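# Fold the stuff below for me.
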Amino acid sequence: MNITRTITSIPHKYWKLVRETFRAMALYLNCRFIFMTATMPLIFSEEDSEIYELAKAKRKYFEEFNRISIDAERLHSKMTIEDFKVFLADEIYRYEEDDFLIVLNTIKTSIDVFSFIKEEFEEEAEIYYLSTNIIPKERLDRIKNIKLSKNRKIIVSTQMIEAGVDIDIDRVYRDFGPMDSINQTAGRCNREWGDKKGIVTLVNLVNENHHDKSFASYIYDSILMEETKSALKDKVMIEEKEILQLGESYYRGLKAHGNDESEGLLNYIRELRYKEAFEYKEDKNKQTFELIEQDFKTVDVFIEVDDEASKVLEEYRNIKQIKNRFERKRQLNKQKKDFYKYVLSLPEQAVKKHIEIDEKEITIISREMVCSTYDEDTGFIRELEKDYFI
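Numbers count the residues shown, from 1 in each chain. Below is the predicted model of the structure:
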C-alpha cells in the first residue's frame, strides 16, 4: 500500500490510532506500507524498528542540500495585508528578473493579494492564481503553463501548492503555517537547483479588522502553530540543511501532546464497538473521526464552464437514465475522471448565496449562471466575509 501526501495530513491526536491500526494490518493481513514524503511525522519510531528508512544516508543527503535559505526574520512581527502588498511590490521591483510564488492561508487573502498583483504588474510578468476555488481542469492547465513558460511569472496561491505541484520558482513568500507546510512550500523554491540560491520569506499576516488575529489561526490547529513557533524560536535565516532537524523538533513537540483521543477510539475498536468509535465523545462534545477537519459543511458543485463541460454533463445525465443500476454504476465510474475535472467542493453557505443546493444529486451551476458565479481568474465567486474559507 502506497501512502503519499495523506500521511502528513493526519492530525497528531490520531497518530497512535493510525500506528496501531497499521501495525495490525501488517501483522495479520500481510500488508506492507511505503511512506513517501519529505516531512515524515513521528507516527512510527525508527529507533524501535517500527519503520526503517530506505535512503540509508538520509542525514548526509540533507546536509548536502544548499538550494535555498528560509528568511524567518519577519515572523517575529505582525504584518497587515496592506503592509504585505507594499512589501511585495518593493520586492518584485527589486528582484526584477525573478519568478515569485506568494502563498496565503485563506481564499480571501489570496484573492485580495492576486487582485493587487494583477493590477500593478500585469505588464511586467505573467500573473497566475491557484487555489481550490478553481476547477481542477483549469488548475492543471495553469500549472502546465507555468512549467512551460519562459517568461517572468508571479503566482498567487493558497496552500494547495504544497501537494506535489512540480514547479520551480526563484523566490517564495509564505504566510505563517505549520512546520511541515513551510517545508512543503519551500520545496517549490529552486527545485531544479539553478545557478543562484532561492529565498523563502516567511511573514506573519494578521487581520487588522479582527483584533489582529493571525490568518494562520483561521486554518490551523493552535498546537501546530505553537510547536512551529517553538521549533523556529530565535531563528532568523535558516539554511536548507537545517530543515530536517527543525522538522524532527517540531514532530517531537507534537508527539508530546499525548494520545488521549486515540486511546478512547482504540478502546472502542478493541471491543468491536465501531458505531460508538465513530461517535466518540470527549468532554461531553460529540466528535466525529475525521482526518481532515473543518468547521463548515461543504457541497460538491459541477461548474458548466465551457462546451467540453456541457458534453460531460450531458453524458452524465444520460448515464443517470440507465435503469440497470449495476450498468449505471459502471458507466458513472468510467466517466468519473472527466466529470470531476469540473467539480469544486465548496462551503455550503457560500453556494446557497447563488443557487439552491440539490440534496439528492450533485448541485450544478449551468452555463447560463457561470458568468455570475465563476470568475475566469479567481474561480467561484464568494461573499468573502468568512476568512476561514480555504
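# Wait, Thr201 touches Ser69, no?
No - if you go by Cβ atoms under 8 Å, Thr201 and Ser69 don't touch, sitting 9.6 Å apart. For the C-beta atoms, the positions are set from N, CA and C on the backbone; glycine is no exception.
# Where does the prediction get shaky in the stretch 201-350 of the chain?
Within the stretch 201-350 of the chain, the ranges that satisfy pLDDT under 70 run 279-295.
# Strands of the stretch 51-200 of the chain, residue ranges please.
Secondary structure of the stretch 51-200 of the chain by DSSP state E, counting those that start in this stretch: the strands cover 68-71, 100-103, 126-130, 153-157, 171-175, 198-203.
# export these to CSV and tack on distance to Glu356 and mean neighbour count?
Shown next, in CSV, are these (distance: least, Cβ to Cβ, whole Å; neighbours: other Cβ atoms under 10 Å):
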stretch, distance to Glu356, mean neighbour count
strand 68-71, 47, 22
strand 100-103, 35, 25
strand 126-130, 28, 21
strand 153-157, 31, 25
strand 171-175, 35, 25
strand 198-203, 40, 22
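# Just put those in CSV and tack on distance to Lys213.
CSV is the format used below for the strands of the stretch 51-200 of the chain (distance: least, Cβ to Cβ, whole Å):
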stretch, distance to Lys213
strand 68-71, 24
strand 100-103, 19
strand 126-130, 24
strand 153-157, 22
strand 171-175, 13
strand 198-203, 15
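# who wins for proximity to Lys311 among these?
Closest to Lys311 of the strands of the stretch 51-200 of the chain is strand 126-130 (Cβ to Cβ; 25.7 Å).
# Give me the residues contacting the closest one.
Contacts of strand 126-130 with the rest of the structure, by Cβ atoms under 8 Å, 6 or more residues apart in numbering, involve 110-111, 114, 117-118, 121, 139, 142-143, 145-146, 149, 151-158, 160-161, 165, 377-379.
# Let's see that with 6 Å instead.
114, 117-118, 142, 146, 149, 151, 153-157, 377-378 (Cβ atoms under 6 Å, 6 or more residues apart in numbering).
# relative to strand 153-157, how tilted is it?
20 degrees (axes from the mean of the first three to the mean of the last three Cα atoms, to 10 degrees).
# Let's see the pLDDT reported for Asp195.
Per-residue pLDDT puts Asp195 at 85.
# That one: neighbouring residues, count only.
Here the number of neighbours of Asp195 (other Cβ atoms under 10 Å) works out to 5.
# Can you pull the phi/psi pair for it?
phi -70, psi -30 (degrees, to the nearest 10).
# Distance-wise, check it relative to Arg67.
11 Å (Cβ to Cβ, to the nearest Å).
# Need the max-distance pair from the contacts of strand 126-130.
Distance extremes for the contacts of strand 126-130: the farthest pair is Asn151 and Thr378 at 21.1 Å, using Cβ to Cβ.
# And these two? Which one has more around it.
Neighbour count, other Cβ under 10 Å: between Asn151 and Thr378, Thr378 has more, with 19 against 7.
# and the closest residue to that one other than its chain neighbours, how many neighbours?
Spatial nearest neighbour of Thr378, excluding adjacent residues (Cβ to Cβ, 6 or more residues apart in numbering): Ile111 at 5.0 Å. The criterion is other Cβ under 10 Å. On that basis, Ile111 has 23 neighbouring residues.
# Could you report the distance from Ile111 to Phe380?
When Ile111 is compared with Phe380 (using Cβ to Cβ), they lie 11 Å apart.
# likewise Cys189?
Taking Cβ to Cβ, one finds Cys189 at 29 Å from Phe380.
# and if you look at Arg188?
Taken as Cβ to Cβ, the span from Arg188 to Phe380 is 24 Å.
# Same check on Val299?
Taking Cβ to Cβ, one finds Val299 at 12 Å from Phe380.
# neighbour count winner among those two?
Per other Cβ under 10 Å, whichever of Val299 and Phe380 has more neighbours is Phe380, with 23 against 18.
# tell me the contacts of Asp71?
Asp71 neighbours (Cβ under 6 Å, 6+ apart): 201, 237.
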